[in-house]
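*Asks:* pasting the sequence and the predicted model now:
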Amino acid sequence: MGTRPAENHTSLPPKDWRTVEERKIDDWLPVTASRNGKWWYSAFHNVTAMVGAGLLTLPYAMSELGWGPGVAVMTLSWIMTLYTLWQMVEMHEMVPGKRFDRYHELGQYAFGETLGLWIVVPQQLVVEISLDIVYMITGGKSLKKFHDLVCDGRCKDIKLSYFIMIFASAQFVISQLPNFDSIATISLAAALMSIWYIP
């Protein structure tokens, strides 16, 4: 009776199930060009995205809703955020050998090549454009407020629209960076500011 030698599965490279076209797109996209990010980069980005925006809207939400409904809405929002995050983690590699790195890929898998795009992409565009407009206005207002505090009435008054354009220009420059790893320092600064806002 002969015995088979044990197979060493760790030395085999993982099977790439992507099509040639998918590989070309992934190689071209800067976000998937390298996956060398550190775990703390992810922490900076998450704190900036989740804590920063939430804290800035907290005083307004609580003043409009009151304590009871305000706490209830915040708790519901937290549950929904946690649930959708869990769904995204579960769906990222729900099909063995296939990664869903982009929302539209998941939509195409669920609804078909064409219908998936028509369902997902318009929703993505509405959310992205709306958030960008809100952030430009909020950033411009913050810059104007900072300018007015520093000047204390000694400087010439500058229109809000100019500050919005300044903020949008900074957004445009930062958006030209190749990947999230490039803005880790910016995310760290934003995360620290978000945390300092809490007290």
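*Replies:* Received it, and whenever you're ready, just let me know what you need. Since we're looking at a predicted model, the values are computed, not measured.
*Asks:* pLDDT weak spots in the protein?
*Replies:* 1-18, 25-42, 44-46, 48-57, 180, 194-195, 197-199 (pLDDT under 70).
*Asks:* so what's the residue count around Pro96?
*Replies:* 7 (other C-beta atoms under 10 Å). Bear in mind the C-beta positions are built from the backbone N, C-alpha and C, glycine included.
*Asks:* next: Lys145.
*Replies:* Lys145 has 12 nearby residues by other C-beta under 10 Å.
*Asks:* from here on, count from 883
*Replies:* New numbering, starting at 883: the last item is Lys1027.
*Asks:* quick check: domain ranges of the protein?
*Replies:* 919-983, 994-1080 (the TED database).
*Asks:* among the ones you listed, which comes closest to Glu903?
*Replies:* Minimum separation from Glu903 across these (C-beta to C-beta) falls at domain 994-1080, 12.1 Å.
*Asks:* check the offset of that closest one from the chain's centre.
*Replies:* Relative to the mean C-alpha coordinate of its chain, domain 994-1080 is positioned 12 Å out (C-alpha atoms, centre = their mean, to the nearest Å).
*Asks:* coming back round to it: quick one: the domains of the chain as TSV, columns for distance to Lys906 too.
*Replies:* Shown next, in TSV, are the domains of the chain (distance: least, C-beta to C-beta, whole Å):
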stretch	distance to Lys906
domain 919-983	14
domain 994-1080	17
